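Engineer: model the following, please.
(one chain, ligands or ions: 1)
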Amino acid sequence: MSVPNHATASPEEAASKRRVLSGIQPSGDLHLGNYLGAVKQWVAGQDQRENFICIVDLHAITVPQDPVALRDNTRRLAAQLFAAGIDPDKTALFVQSHVRAHTEATWLLMCSTPIGWLERMTQFKSKAAAQEKVQAGLLTYPVLMAADILLYNPDEVPVGEDQKQHIELARDLAQRFNHRFGETFRLPEPVIPKAGARVMGFDDPSKKMSKSAEAQGHAVLLSDNATKITRVIKRAVTDSGREIDFSDDPERAGVNNLLGVYQAVTGHSPDACVADFANARGYGDLKVRVAEVVTEALAPITQRFDELMEDPTSLDQLLSKGAERARAVAEPKVQEMKAKMGFLPA
Ligand code: TYM
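Structural biologist: Numbers count the residues shown, from 1 in each chain. Next comes the predicted model:
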């Protein structure tokens, strides 16, 4: 299947739209949490907004990466995002390492980032605890993320709940820079969806669904077929009760998660979701129905993904056009930072 041409919006058109910037790591196939927490919002907003979506390969190397796997994962992620509905005519989808301004701005910001701010990040603490040796890049990871965001002056940063703290840090860094060198950055605002902001593992509903968890039955991936999706959801861990309702009780987190996934996929209100299961005979019925709606939502994505992967050259071309559009915004911004900080022009 061919992919559409990458047309650039006219400057007038782009100027009238709210700008969105978000990012995602190429560290394995997309899972349902990434899709419901982030990607679905990017796709839904792309008609009304000027979208920049960054595949953050430089973030991925903050933990060890096999070079062949990194290259493969970067292309697979691009194909999955296009398959999930990212339209290259409406969204500049690009690879972070293709836009040098990101690393340059990171250094500039890093030199005024207190180490204590980075050591406090909860994601650093949990990722560092899982590594035998912790590299400096894992600590400075949120500064690179701040650069990703600030270079584009976005109005909105749509993310899942786990990224909130990183965006607050980006805000603090923007404020610091503005205070010291004059108004340069807009303070970024996270946009977190009402449903799907924190999808939990199906094997353990106390843990966030994550790409790094290797347990069978943990995640549904966008590359999974109907059989696998159904198997994982049917085996989802729940409690021994029967009541199908949203709940904050940690004991009932499994049912809460299944219902949350159902809500995020169908777009029904919380009350309507509960009403949909009023006649259910138990959790078995809930699981069957959740597996059905998830399979229905993912089937066209999986099919299109397979088609896109057959033509890596077209994928690379789309990414290179996306990087061109990103550079046009990010390059002047990093030059502005440097000029304000007192660097001689090159
Ligand atoms: P990453 O690659 O871990 O995740 C990509 C997006 O998916 C969301 N997400 C989830 N949402 C709901 N439930 C889950 N279980 C779940 N797991 C992940 C994340 O919140 C995210 O929105 N540091 C970022 C990438 C990044 C970025 C940026 C994001 C780099 N630069 C600039 C926004 C702006 C990350 O590792 O996301």
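Engineer: for this protein, which helix is longest?
Structural biologist: Looking across the chain with DSSP state H, the single longest helix is helix 312-341.
Engineer: what residues of stretch 111-128 count as buried?
Structural biologist: Within stretch 111-128, the residues that count as buried by 16 or more other Cβ atoms under 10 Å are Thr113, Leu118, Met121, Phe124, Lys127, Ala128. To be clear about C-beta, it is placed using only N, CA and C from the backbone, and glycine gets the same treatment.
Engineer: now check it, is it near the ligand?
Structural biologist: No - using Cβ under 6 Å from any ligand atom, stretch 111-128 never reaches the ligand; the gap is at least 7.7 Å.
Engineer: may I have the distance across that stretch, first residue to last?
Structural biologist: The straight-line separation of the ends of stretch 111-128 (Cα to Cα, to the nearest Å) is 22 Å.
Engineer: would you turn the buried residues of stretch 111-128 into CSV with pLDDT and distance to Thr295?
Structural biologist: Shown next, in CSV, are the buried residues of stretch 111-128 (pLDDT from 0 to 100; distance: Cβ to Cβ, whole Å):
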residue, pLDDT, distance to Thr295
Thr113, 97, 44
Leu118, 97, 41
Met121, 96, 36
Phe124, 95, 36
Lys127, 89, 32
Ala128, 91, 37
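Engineer: hmm, back to that, would you mind pulling up the elements that the longest helix of the chain packs against?
Structural biologist: strand 49-55, helix 67-83, strand 91-95, helix 101-110, helix 164-181, helix 283-309 (3 or more Cβ pairs under 8 Å, 6 or more residues apart in numbering; DSSP states H and E).
Engineer: pLDDT of it, averaged?
Structural biologist: Throughout helix 312-341, pLDDT has a mean value of 98.
Engineer: same list, the buried residues of stretch 111-128, but as JSON lines with secondary structure please.
Structural biologist: Below are the buried residues of stretch 111-128 laid out as JSON lines (DSSP: H, G, I helix; E, B strand; the rest coil):
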{"residue": "Thr113", "secondary structure": "coil"}
{"residue": "Leu118", "secondary structure": "helix"}
{"residue": "Met121", "secondary structure": "coil"}
{"residue": "Phe124", "secondary structure": "helix"}
{"residue": "Lys127", "secondary structure": "helix"}
{"residue": "Ala128", "secondary structure": "helix"}
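Engineer: and the furthest pair within these?
Structural biologist: Put simply, by Cβ to Cβ the two of the buried residues of stretch 111-128 set farthest apart are Thr113 and Lys127, 17.9 Å from each other.
Engineer: what's the closest non-adjacent residue to Arg76?
Structural biologist: With sequence-adjacent residues excluded and distances taken as Cβ to Cβ, 6 or more residues apart in numbering, Arg76 is closest to Asp29, at 6.3 Å.
Engineer: what sits against the one you found?
Structural biologist: Going by Cβ atoms under 8 Å, 6 or more residues apart in numbering, Asp29 touches Asn73, Arg76, Leu77, Gln80, Lys211, Leu221, Leu222, Ser223.
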